[in-house]
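**Student:** show me how the following folds:
(4 chains)
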There are 2 protein chains.
Amino acid sequence: MIGNDDDRRLWSIGEVARATGTTVRTLRHYDEIGLLGASARTASGHRRYTARDVRRLYRVRALRALGLPLDEIQRVLADTAEDLGSMRELLTAQLSALEAQAGRIQQLTAQLRGLLGRMDGASMPDPEQFMTTLETMSVFETHFTTEQQEQLAARRAEMGPEGVEAAKSGWAGLVEALLAHAEAGTPADDPEVGDLVARWDALGSRFHAAGEDGEATKAAARRLWDERGEELARNLPWSPDRMRALLRYVAEVREAR
Amino acid sequence: MIGNDDDRRLWSIGEVARATGTTVRTLRHYDEIGLLGASARTASGHRRYTARDVRRLYRVRALRALGLPLDEIQRVLADTAEDLGSMRELLTAQLSALEAQAGRIQQLTAQLRGLLGRMDGASMPDPEQFMTTLETMSVFETHFTTEQQEQLAARRAEMGPEGVEAAKSGWAGLVEALLAHAEAGTPADDPEVGDLVARWDALGSRFHAAGEDGEATKAAARRLWDERGEELARNLPWSPDRMRALLRYVAEVREAR
DNA sequence: GCTATGACCTCCCGTTACGGCCGGTTCAAG
DNA sequence: CTTGAACCGGCCGTAACGGGAGGTCATAGC
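**Tutor:** Predicted coordinates for the structure are as follows:
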């Protein structure tokens, strides 16, 4: 019915809404913000849209459907009368913004799948432990940059799951040994404990990449361990008290080298 | 500093913010909505956070980083004290929501790339024509469902670009021929124009899939053409007046069959 | 003891793109 | 002329805070 009338036909707001799949409220909103008003009003104030107005609405809707904000649409519709450059720029920017968003989403889905997998793996029936995992995630996120986390993940992938497990159990052995020494009162300059601590450091560095980036990541990890060691230690099978004592002892040994 | 104090240490809002990478404003917001308050206040009303509060904050932050809304976080943190089922559900739902979002984004990026490609192809230096393309996109989006549009796109992909071009130029020939007949006053029951219209319909149906879905799409296209033919005709190299006359003529011929 | 400075407090407005409701006018069909 | 539908402007609400105003509190240095 619409296209069959001539171009001087005037439309009420409801007709426009029905014909274009928008709502009356939306049209009034566009009018309010100056994006798209009716070119005419009746004597009593009812909006009357012209064919030009409707065409402009179609343009607005198309650009909205591409995810553009209304103020950008307004700008670009004003600019693009004679030149498409502004439009090109806007669409290009929107494209890269969407690509960035897609990247973030992919990262989140990977994380979610990981978490759900761990919940389904028979390993985690305990809500408390799951919560602690969440806390640790957050702690890591606030202390490592995204790239650093990717670096660590890549390193773990290189080592393979069994490599990671081997490192973990090796580390557990070191912890046990050092705890024994600490609690037995072995002096910090004893060469045997010095050797144990050196192996501890070597083991930790296996999780970091070589080069400058690796060093930065390592520094971040060290800072994290210093500042939040106790919180992280809640994930571990030793009591916070013993871990605290252990960390003090390791620091002493390092100083005594 | 933080982890090295004991669990009864109380923290000011600024300390918590700095330590966890949030802002003071955010913490006050969480307090306001009842998601996370400080367990204590000083006599003068300053918030004092306990280690438990900070742990809860880490949980909140981890879940927020997964894209969950604050009210869901609040609910699930209340539920998950003894049972992880609610958490599982929430994370699963979030995963599929993110996947859906990724799909939408992919669709938008494809559309944007198409538009940008057309702008770079030497074919479109004209802003007016680009605007018309936008309008047409919007018209299509309001008249076809997403599946129908995908169907049409798939059909075009099957036909290949040269197939589409062949159909277009064949259709252009039909338009020219029918316009000639219409303007020459050939009667609507003339078998030759009947044949031309039949070829017109056949050509159109090449763009639709077979079966029930195809029929629905076809019906939508017919409706679109009836209601918005004139607007669509602006994309075509014939004047609106002549297209209008042509459409009337074609309708006559169909009735005369 | 005084003061300067930073940290903290509570309100409140602004952001995006509308949805929805209210009380009052206007239009159009019968 | 009536009456029900359409339309009007205005206002509140949304999610998750950011930012500012205007006032109070704490503490380090003098």
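
**Student:** in the stretch 1-150 of chain A, where is pLDDT below threshold?
**Tutor:** A:1-7, A:122-125 (pLDDT under 70).

**Student:** in it, what residue is nearest DNA strand D?
**Tutor:** Here the stretch 1-150 of chain A gets closest to DNA strand D at one residue, A:Gly14, 2.3 Å apart by CB to the nearest atom of the strand. Placement of C-beta: from N, CA and C, glycine included.

**Student:** all helices of the stretch 101-250 of chain A, in order?
**Tutor:** Listed in chain order, the helices found in the stretch 101-250 of chain A under DSSP state H, counting those that start in this stretch are A:127-143, A:146-184, A:191-205, A:211-233, A:240-256.

**Student:** show the pLDDT at A:Ser205.
**Tutor:** Predicted confidence (pLDDT) for A:Ser205: 74.

**Student:** so what's it up against?
**Tutor:** By CB atoms under 8 Å, 6 or more residues apart in numbering or on different chains, the contact set of A:Ser205 is A:Lys218.

**Student:** from A:Val197, how far off is the residue lying closest to A:Trp171 once chain neighbours are set aside?
**Tutor:** Take A:Trp171 and drop its neighbours on the chain: the residue closest to it by CB to CB, 6 or more residues apart in numbering or on different chains is A:Leu203, 5.4 Å away. In this structure, A:Leu203 and A:Val197 are 11 Å apart, going by CB to CB, to the nearest Å.

**Student:** ok, A:Gly114 to B:Val193 distance?
**Tutor:** Distance from A:Gly114 to B:Val193, by CB to CB: 66 Å.

**Student:** A:Asp195: neighbouring residues, count only.
**Tutor:** 11 (other CB atoms under 10 Å in any protein chain shown).

**Student:** again but with A:Leu246, I slipped
**Tutor:** Residues near A:Leu246, counting by other CB under 10 Å: 21.

**Student:** does it touch A:Ala182 like I think?
**Tutor:** Yes. Under the criterion of CB atoms under 8 Å, A:Leu246 makes contact with A:Ala182 at 5.8 Å.

**Student:** what does the stretch 1-150 of chain A have sitting close to DNA strand D?
**Tutor:** Applying CB under 7 Å from any atom of the strand, we find that the stretch 1-150 of chain A lies next to DNA strand D at A:12-15, A:17, A:24, A:28, A:31, A:38, A:45-47.

**Student:** so who does A:Ile73 touch?
**Tutor:** A:35, A:60, A:63-64 are the contacts of A:Ile73 under CB under 8 Å, 6+ apart.

**Student:** quick check: it is in a helix.
**Tutor:** Yes. The assignment for A:Ile73 (DSSP: H, G, I helix; E, B strand; the rest coil) places it in a helix.

**Student:** got the domain ranges for chain A?
**Tutor:** A:13-79, A:81-125, A:126-256 (automatic domain parsing).

**Student:** DNA strand C is nearest to which of those domains?
**Tutor:** domain A:13-79 (3.2 Å).

**Student:** please tell me how far the residue nearest the centre of chain A sits from B:Ala102.
**Tutor:** For chain A, A:Arg104 is the residue whose C-alpha lies nearest the centre (CA atoms, centre = their mean; 5.6 Å). A:Arg104 sits 10 Å away from B:Ala102, going by CB to CB.

**Student:** can you tell me the helix or strand for the residue of chain A most remote from its centre?
**Tutor:** Using CA atoms, centre = their mean, the residue of chain A lying farthest from its centre is A:Ala43. It sits 54.0 Å away. Assigned by DSSP states H and E, A:Ala43 belongs to no helix or strand.

**Student:** ok, it - contacts?
**Tutor:** Contacts of A:Ala43 (CB under 8 Å, 6+ apart): none.

**Student:** tell me the SS of A:Arg48?
**Tutor:** Assignment for A:Arg48 (three-state DSSP): strand.

**Student:** dump the residue contacts of it.
**Tutor:** Contacts of A:Arg48 (CB under 8 Å, 6+ apart): A:10-12, A:38-42.

**Student:** shouldn't A:Tyr30 be in contact with A:Leu36?
**Tutor:** Yes. Between A:Tyr30 and A:Leu36 a contact is recorded at 4.2 Å, counting by CB under 8 Å.

**Student:** do I have it right that A:Asp189 meets A:Glu255?
**Tutor:** No. Counting by CB under 8 Å, A:Asp189 sits too far from A:Glu255 to count as a contact (9.5 Å).

**Student:** for the two, indicate the residue with more neighbours.
**Tutor:** More neighbours surround A:Asp189 than the other of A:Asp189 and A:Glu255, with 12 against 9 (other CB under 10 Å).

**Student:** how about that one, phi and psi?
**Tutor:** Per-residue torsions, A:Asp189: phi -100, psi 10 (degrees, to the nearest 10).

**Student:** I'd like the distance between it and A:Trp200.
**Tutor:** 16 Å.

**Student:** and the helices of the stretch 101-250 of chain A, which is most packed in?
**Tutor:** Of all the helices of the stretch 101-250 of chain A, helix A:127-143 has the most neighbours on average by mean count of other CB atoms under 10 Å in any protein chain shown, namely a mean of 18.

**Student:** near chain B at all, it?
**Tutor:** Yes. Contact of helix A:127-143 with chain B (CB under 8 Å from any CB of the partner chain) involves A:127, A:130-131, A:134-135, A:137-139, A:141-142.

**Student:** again with stretch A:21-31
**Tutor:** Yes. Using CB under 8 Å from any CB, stretch A:21-31 comes into contact with chain B via A:Gly21.

**Student:** just to revisit the earlier point, make a ChimeraX selection of the buried ones in the residues of the stretch 1-150 of chain A next to DNA strand D.
**Tutor:** To isolate the buried members of those in ChimeraX, using 16 or more other CB atoms under 10 Å in any protein chain shown:
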select /A:13,15,17,38,47
